[in-house]
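# Quick check, what structure comes out for this input:
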Amino acid sequence: MGSELVTGSDSQAATGGGNRRLPVVYRYGETFEKLCGYYMSLGMGYHDYWDGDCEMAQYYRDMDEKVKERQNEALWLQGLYFYEALVDASPVLNAMSKKHKPIPYRQAPIPLTEARHRQQQEEENHKKLNAGKEAMKQIMAGVNSKFKRKEE
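Coordinates of the predicted model:
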């Protein structure tokens with residue numbers, strides 16, 4: 001009976017009697033062959049899949065999950081931009097609206113990181129400060145011109 005496994009016995013002998021399942025080794029091998037293309041589509045090399053560290057497969061699956069999450073977030077963000085653009089253009093599309101000018105589209109992308117958010121806040125504060133300076137200069141110029149007219 002032991003030599004039957006080596007010589008290629010039928011599935012009944014390999015599984016221990018009347019059970020008609022295929023030998024365990026064959027099923028695993030078939031599964032590995034089916035999954036080879038999947039892992040190669042993730043970027044894993046043929047030789048890495050068959051001869052490399054078996055834990056690399058888990059890393060490639062984890063990487064694939066992260067890529068899918070990033071793609072999903074990017075598509076969600078794209079939908080957000082599209083929705084915002086539609087809302088901004090909606091006054092033009094609504095015939096019953098009193099205001100027929102669209103809201104201007106945003107000047108900068110939505111900040112996704114804390115550092116980019118701080119940078120964008122600083123830029124906005126700088127613009128407000130410069131606008132305030134210009135307003136003060138105009139007020140000063142108006143006041144100075146009044147004093148000059150009074151002197152003359």
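
# and Ala108, what is it in contact with?
Under the criterion of C-beta atoms under 8 Å, 6 or more residues apart in numbering, the contact list for Ala108 reads Gln120, Glu123. Where you see a C-beta, it was placed from the backbone N, CA and C, and this is true even at glycine.

# quick one: which helix or strand includes the residue nearest the centre of the chain?
Per C-alpha atoms, centre = their mean, the C-alpha nearest to the average position across the chain is that of Arg70, at 2.6 Å. Using DSSP states H and E, Arg70 maps to helix 56-93.

# Distance of the residue nearest to the centre of the chain relative to Phe82?
19 Å (C-beta to C-beta, to the nearest Å).

# again with Gly37
Applying C-beta to C-beta to Gly37 and Phe82 gives a distance of 35 Å.

# Counting by contacts, list what whichever strand or helix holds Met136 packs against.
Using DSSP H and E, Met136 sits in helix 114-151. In terms of contacts (3 or more C-beta pairs under 8 Å, 6 or more residues apart in numbering; DSSP states H and E), helix 114-151 is packed against no helix or strand at all.

# and that helix, average pLDDT?
In this model, helix 114-151 carries a mean pLDDT of 88.

# so how far is that helix from its chain's centroid?
39 Å (C-alpha atoms, centre = their mean, to the nearest Å).

# what comes up buried for it?
By 16 or more other C-beta atoms under 10 Å, helix 114-151 has no buried positions at all.

# so Asp53 is in which element?
Per DSSP H and E, there is no helix or strand for Asp53.

# Provide the contact partners of stretch 31-47 at residue level.
Counting by C-beta under 8 Å, 6+ apart, Tyr49, Trp50, Gly52, Met56, Ala57, Tyr60, Arg61, Met63, Asp64 sit against stretch 31-47.

# Closest one of the residues you listed to Lys127?
Met63 (40.9 Å; C-beta to C-beta).

# For the closest one, give me its contacts.
Leu42, Gly43.

# How about Tyr49?
With C-beta under 8 Å, 6+ apart, Tyr49 has these contacts: Cys36, Tyr39, Met40, Met56, Ala57.

# Name the SS class of Lys101, please.
coil (DSSP: H, G, I helix; E, B strand; the rest coil).
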